[in-house]
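Q: I need the structure of the sequence given here:
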Amino acid sequence: MSLLTLVLAAVGLSGLIAFWVSQRVRDLGIRMALGATRPRVLRSVLQRSLLLVAIGAGLGLAMSLLLARALSTVLLVPGLDPISFAVAVLVLVVAATLASLGPANRAASVDPMKVLRDA
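A: Residues are numbered from 1 along each chain as shown. The predicted structure follows:
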């Protein structure tokens, strides 16, 4: 069940980043036409997606800590197990990073001339 949840989160993030990249194709193409290199565009898209992941992981961790304390009476494991929280956050951050590599790679391979002609 948790693997399915992880896959769903990765697909959702990939879709979100792909949508964001498709909305910014013109901007990224103009940046590349003005001299931005492929690694710079790739880094820019990955930074944006990792910022979203960090915000989501922080909020999710805070909410799960609050809920773990409230549900500690019905859980079979200690509610505030730091290893479980760390592993869960690490797995989700790695999955989100891998999910955002595809859209970031597509963004970095935008043809600036095609974007400028379509504008």
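
Q: what about residue 25, how many neighbours?
A: If you count neighbours by other Cβ atoms under 10 Å, residue 25 ends up with 15. C-beta: built from backbone N, CA, C; applies to glycine.

Q: swap that for residue 100, sorry
A: Here the number of neighbours of residue 100 (other Cβ under 10 Å) works out to 25.

Q: list the contacts of it.
A: 13, 14, 17, 45, 46, 49, 50, 53 (Cβ atoms under 8 Å, 6 or more residues apart in numbering).

Q: got the contact list for stretch 38-55?
A: Contacts for stretch 38-55 (Cβ under 8 Å, 6+ apart): 13, 16-17, 20-21, 28, 31-32, 36, 92-93, 96-97, 100-101, 103-105, 107-110.

Q: could you list the buried residues of that stretch?
A: Of all the residues in stretch 38-55, those buried under the rule 16 or more other Cβ atoms under 10 Å are 41, 42, 44, 45, 46, 48, 49, 52, 53.

Q: which SSE is the residue of the chain most remote from its centre in?
A: No residue in the chain sits farther from the centre than residue 73, which is 33.4 Å out by Cα atoms, centre = their mean. Assigned by DSSP states H and E, residue 73 belongs to no helix or strand.

Q: quick one, phi/psi of it?
A: Main-chain torsions, residue 73, degrees, to the nearest 10: phi -80, psi -30.

Q: pLDDT score for it?
A: Model confidence at residue 73, given as pLDDT, is 76.

Q: also the one 10 residues further on?
A: Model confidence at residue 83, given as pLDDT, is 84.

Q: for it, pull up the helix or strand it's in.
A: Going by DSSP H and E, residue 83 is part of helix 82-108.

Q: that helix: how far from the chain's middle?
A: With Cα atoms, centre = their mean, to the nearest Å as the basis, helix 82-108 stands 6 Å off its chain's centre.
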